[in-house]
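> Here you go, sequence then predicted model.
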Amino acid sequence: MTAIRATYSDLKIVKTRKVIQLIFEVPIEEGDNALRVLGGLPRSDAETWVAIAPITEEAATRPTEKPRKAWDELPLPQQAGIRCDDVEFQQWLEAFDAQEAVEAVRRICGVKSRAEFATDEIAAERWRTLDHDFLARGIG
């Protein structure tokens, strides 16, 4: 089960339905995640039951995201995947989109799959050189 951090801010009595609407506020930067956890926007044809529980102040202020690893701590196949999704990297490779960037990286590094960067030291060094050249040009 995934929890959503929110603050209890108000309530509204709906006399015609004999219910109370509890209003919780979620920071805007966490809104997409909250909707994903809840299964999207409310539907008029189905109820979505959720649990509500108070949390400690410590838990409320704790970041919800994992701390990010430094670039050089990421596995090389993951580095290559991130770079290929980067529009500036795509432009630097003169690729039209991420898929063309992936194909260019495979061609330049002499691999069939980015996974080979984890097992083939020559391919790994080619990737490191390509990434270094990209950063050395002041892009990224």
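Done, it's in. Residues are numbered from 1 along each chain as shown.
> just the helices in this structure please.
Remark: helices assigned in the chain by DSSP state H are 31-38, 57-61, 76-85, 87-92, 98-109, 121-136.
> How about residues contacting the fifth one?
With CB atoms under 8 Å, 6 or more residues apart in numbering as the test, helix 98-109 has contacts from 80, 83-85, 89-90, 93-95, 112-114, 117, 123, 126-127, 130. From N, CA and C alone the C-beta is placed, and that goes for glycine too.
> Any quick PyMOL command for the buried ones out of those residues?
The PyMOL selection below is limited to those of these classed as buried (16 or more other CB atoms under 10 Å):
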select buried, resi 80+83+84+89+90+93+95+114+117+123+126+127+130
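> hang on, the earlier thing: least reliable of the helices of the chain by average pLDDT, please.
Here these differ in mean pLDDT, and the lowest is helix 57-61 at a mean of 67.
> got the buried residues for stretch 69-86?
Those would be 76, 77, 79, 80, 81, 83, 84, 86, for stretch 69-86 by 16+ other CB under 10 Å.
> would JSON lines of these with distance to residue 44 be doable?
As requested, the buried residues of stretch 69-86 are exported to JSON lines (distance: CB to CB, whole Å):
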{"residue": "76", "distance to residue 44": "48"}
{"residue": "77", "distance to residue 44": "44"}
{"residue": "79", "distance to residue 44": "45"}
{"residue": "80", "distance to residue 44": "45"}
{"residue": "81", "distance to residue 44": "40"}
{"residue": "83", "distance to residue 44": "44"}
{"residue": "84", "distance to residue 44": "41"}
{"residue": "86", "distance to residue 44": "41"}
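> can you tell me which of those residues lies nearest to residue 49?
residue 81 (37.2 Å; CB to CB).
> quick one: contacts for the residue lying closest to that closest one once chain neighbours are set aside?
Excluding the flanking residues, the one nearest residue 81 by CB to CB, 6 or more residues apart in numbering is residue 114, at 6.3 Å. Applying CB under 8 Å, 6+ apart to residue 114 gives the contacts 76, 77, 80, 81, 102, 105, 106.
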